[in-house]
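Asks: fold the following and give me the result.
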Amino acid sequence: MRKNKPNGFTLIISLFILFNSACAQTPTGEAYVAEETKVQSSTYLFNNQKELIPLKKLAEKKIASIHFSHAYAAGFDSLLNNYAKVEAFNGADYLGSKSTEELSRDVKMFNTLILQLTENDLANTRITDFIKANQKLKDIVIAYFGKASQLTSLKDFKGALVYTQQASTVASFFVAQAIFGGVAITQKPTTSLTPQLTPGLASVTQQTRLQYTVPEEVGIRAENLADIDKIARDAIAQRATPGCVVLAVKDGKVIFNKAYGFHTYDATVQDKVTDIFDLASMTKISATTIAAMKLVDEGKLDINATVADYLPEAKNTPVKDVKVWEILTHQAGFIADIPTLEVVKPQDRSTDSSAAYPTKVNNRFYLVKDYFKNVMWPKMLRGPLKTRGQYVYSDVGMCVLQQIIENITSTNEAIYTQQQFYTPLGMQTTGYLPLYRFNKERIPPTEVDPKYRRDTLQGYVHDPTAALMGGIAGHAGLFGNAIDMATLYQMLLYGGTYGGEEYLKPATVKQFTARYSGNSRRGLGFDRWDPAKDKKYPSELASDQTYGHTGFTGTCVWVDPKYNLVYVFLSNRVYPDVSSKLNSLSIRGRIQDVIYRAIQKGM
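Replies: Numbers count the residues shown, from 1 in each chain. Next comes the predicted model:
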């Protein structure tokens with residue numbers, strides 16, 4: 001019987017409390033690091049000649065995790081699901097009235113099986129027969145917790161084997177992460193464990209993905225991050241936002257991941273770290289800019305070329321000579337936005353979908369066919385460029401860049417970014433149009449709009465221009481959770497490589513994230529640290545290497561290479577209507593500075 005999919009951690013610095021009902025008390029802080037070190041020193045990888053571990057090419061993998069008597073399966077499966085979608089099966093259910101043949105049938109649609117095994121499991125011939133039958137058809141990874149003597153039962157096993165004698169929550173966390181490259185397997189045995197498992201068949205690996213651990217792992221005391229709680233709760237108490245999620249990655253390790261408050265002020269649905277937020281203008285760098293970077297890598301996009309070079313319909317318009325780099329630095333002269341919801345004519349909207357009204361804006365709001373093509377796009381192309389050469393932040397420019405990207409790739413930007421980045425990176429929630437993939441209960445609502453959209457916006461993009469574009473736009477429309485954002489931006493911090501695969505060239509990452517123009521602090525697409533000290537942007541202690549972006553809905557991501565830090569803050573501060581308190585109280589920046597101070601204090 002298939003188990004419910006694990007929901008992830010509620011708080012990484014106390015994640016161990018989550019599974020205490022099923023296992024002994026788990027250490028925290030320095031004690032956790034000490035036990036993890038002990039586990040690492042006695043964890044070995046065998047039969048990895050095909051380099052199955054760490055798992056790669058996640059877009060091609062359909063993964064199932066099966067446990068029989070492993071007492072720490074809940075924690076193990078939860079960790080796996082931080083890296084990829086992994087379906088969990090309780091194999092013990094197939095040892096009773098059912099059969100392991102039925103288990104084989106139930107996992108037939110998965111090409112990769114991760115088996116959690118104990119000494120008792122290896123003594124069961126039904127389980128070892130299941131392994132023999134399936135290893136001919138699928139990639140099998142065995143995570144074995146127990147005495148080495150029982151490994152003789154696997155003498156005919158040809159797949160990858162991760163072995164540790166330790167049986168604990170920490171060991172289960174470590175091995176689960178090792179399978180995906182969240183931690184490195186660094187040791188080889190000095191003697192053979194069995195005639196088949198010799199030192200010569202042992203391998204070591206490197207960390208290639210995020211690790212989930214405690215602050216002490218990177219020399220930070222958890223207590224020095226306690227002020228994050230105070231600031232977040234103050235934001236909620238002052239109604240700057242109903243709730244939020246805060247995540248911090250130091251040295252490739254997630255050391256803080258916590259949710260605060262509720263989806264709304266009526267306090268009925270509690271925020272979770274797995275919640276999917278409207279990222280607003282974080283879309284500019286998390287979708288459009290990284291797509292442009294990919295095309296630059298491939299020689300398909302030249303940032304010194306013009307709009308007309310890529311869009312023939314722009315040849316007789318004012319924007320024809322605008323260069324791509326001018327769009328990315330917001331110096332093209334585009335106005336900030338075009339009139340949207342307030343100018344939609346009654347005959348252009350309908351409460352029901354049809355061939356004539358196919359574009360869904362939100363519940364009971366459908367736009368007439370080709371509204372973007374006939375109404376919005378001409379306004380974007382023909383708008384006057386009065387401020388060209390000056391820095392004027394513009395959503396329109398990113399919409400134009402979206403059209404360029406789609407013309408080059410012959411692919412909708414939503415599909416292109418999903419195929420090139422989100423799916424292969426293991427980002428399970430990020431994308432446009434989230435209601436096609438997730439229940440709305442996972443998505444905190446944004447604004448209550450009684451005037452134009454006549455609804456509470458939940459799962460539909462908050463930005464009105466993006467809404468009239470059907471929810472897919474170059475400047476807004478992306479949704480995602482904090483872990484996904486940490487994954488994407490750790491890839492950039494790694495120089496474009498993640499999980500052993502290159503997504504972007506290091507030189508391209510450096511070019512786009514560096515300051516590009518003397519007219520503003522901006523990079524190519526990316527916002528950056530502001531040299532005006534009085535602005536304290538993005539925070540007082542951020543270094544001059546910092547790059548990222550904010551979002552109107554109350555979101556931000558900042559990468560600071562000097563400190564090897566990724567900081568993510570997600571909220572729905574625009575619920576039930578737009579408020580400036582998140583900014584006036586400097587909530588995002590103050591939390592970021594708590595992390596910097598904790599780094600500086602050390603242990």
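
Asks: residue ranges of the helices in the stretch 51-200 of the chain, please?
Replies: Per DSSP state H, counting those that start in this stretch, the stretch 51-200 of the chain carries helices over the ranges 73-80, 100-106, 119-122, 125-134, 169-180.

Asks: tell me which element L492 is part of?
Replies: Using DSSP states H and E, L492 falls within helix 482-493.

Asks: against which helices or strands is the helix or strand following that helix packed?
Replies: Sequence-wise, the next helix or strand downstream of helix 482-493 (DSSP H and E) is strand 497-498. For strand 497-498, the elements it packs on are helix 482-493, judged by 3 or more C-beta pairs under 8 Å, 6 or more residues apart in numbering; DSSP states H and E. Backbone N, C-alpha and C define where each C-beta goes, glycine included.

Asks: how does this structure divide into domains?
Replies: 12-208, 278-477 (automatic domain parsing).

Asks: of all the ones you listed, which one is nearest I591?
Replies: Closest of those to I591 is domain 12-208, at 14.4 Å (criterion: C-beta to C-beta).

Asks: I'd like the average pLDDT over stretch 304-312.
Replies: Averaging pLDDT along stretch 304-312 yields 98.

Asks: now do that stretch: distance to the chain's middle.
Replies: The chain centroid and the centroid of stretch 304-312 are separated by 32 Å under C-alpha atoms, centre = their mean, to the nearest Å.

Asks: that one: end-to-end distance?
Replies: 17 Å (C-alpha to C-alpha, to the nearest Å).

Asks: again, but for stretch 475-490
Replies: Using C-alpha to C-alpha, first and last residues of stretch 475-490 are 22 Å apart.

Asks: then stretch 406-418?
Replies: Counting by C-alpha to C-alpha, you get 13 Å between the two ends of stretch 406-418.

Asks: pLDDT at the residue lying farthest from the centre of the chain, what is it?
Replies: If you look at how far each residue of the chain sits from its centre, by C-alpha atoms, centre = their mean, the farthest one is P195, at 42.7 Å. pLDDT, P195: 91.

Asks: and for the residue nearest to it when sequence neighbours are not counted, the neighbour number?
Replies: Nearest residue to P195, sequence neighbours excluded (C-beta to C-beta, 6 or more residues apart in numbering): K155, at 7.4 Å. Applying other C-beta atoms under 10 Å, we find 11 residues neighbouring K155.

Asks: then K562?
Replies: 10.

Asks: same thing with the one 3 residues further on?
Replies: Around L565 sit 23 other residues, with neighbours defined as other C-beta under 10 Å.

Asks: bridging residues for it?
Replies: When assigned by DSSP bridges, L565 has beta-bridge partners K250, D560.

Asks: which residues touch it?
Replies: By C-beta atoms under 8 Å, 6 or more residues apart in numbering, the contact list for L565 reads A248, V249, K250, W558, V559, I595, Y596, I599.

Asks: give me that answer again for 10 Å
Replies: 218, 248-251, 255, 493, 542-543, 546, 558-559, 592, 595-596, 599 (C-beta atoms under 10 Å, 6 or more residues apart in numbering).

Asks: for G525, same thing?
Replies: Counting by C-beta under 10 Å, 6+ apart, G525 has contacts 284-286, 288-293, 325, 327-330, 398, 401, 512-513, 516, 547, 549.

Asks: go again with 8 Å.
Replies: So G525 contacts K284, I285, T288, T289, A292, L328, F512 (C-beta under 8 Å, 6+ apart).

Asks: also Q419?
Replies: Neighbour list for Q419: A59, T411 [criterion: C-beta under 8 Å, 6+ apart].

Asks: ends of stretch 488-501, what's the gap?
Replies: 13 Å.

Asks: only the buried residues of it, if you could.
Replies: Within stretch 488-501, the residues that qualify as buried by neighbour count (16 or more other C-beta atoms under 10 Å) are L488, Y489, Q490, M491, L492, L493, Y494, G495, G496, T497, Y498, G499.

Asks: now do the contacts for the residue nearest to the spatial centre of the chain.
Replies: Central residue of the chain (C-alpha atoms, centre = their mean): D484, 0.7 Å from the mean position. Counting by C-beta under 8 Å, 6+ apart, D484 makes contact with Y422, M427, Q428, T429, T430.
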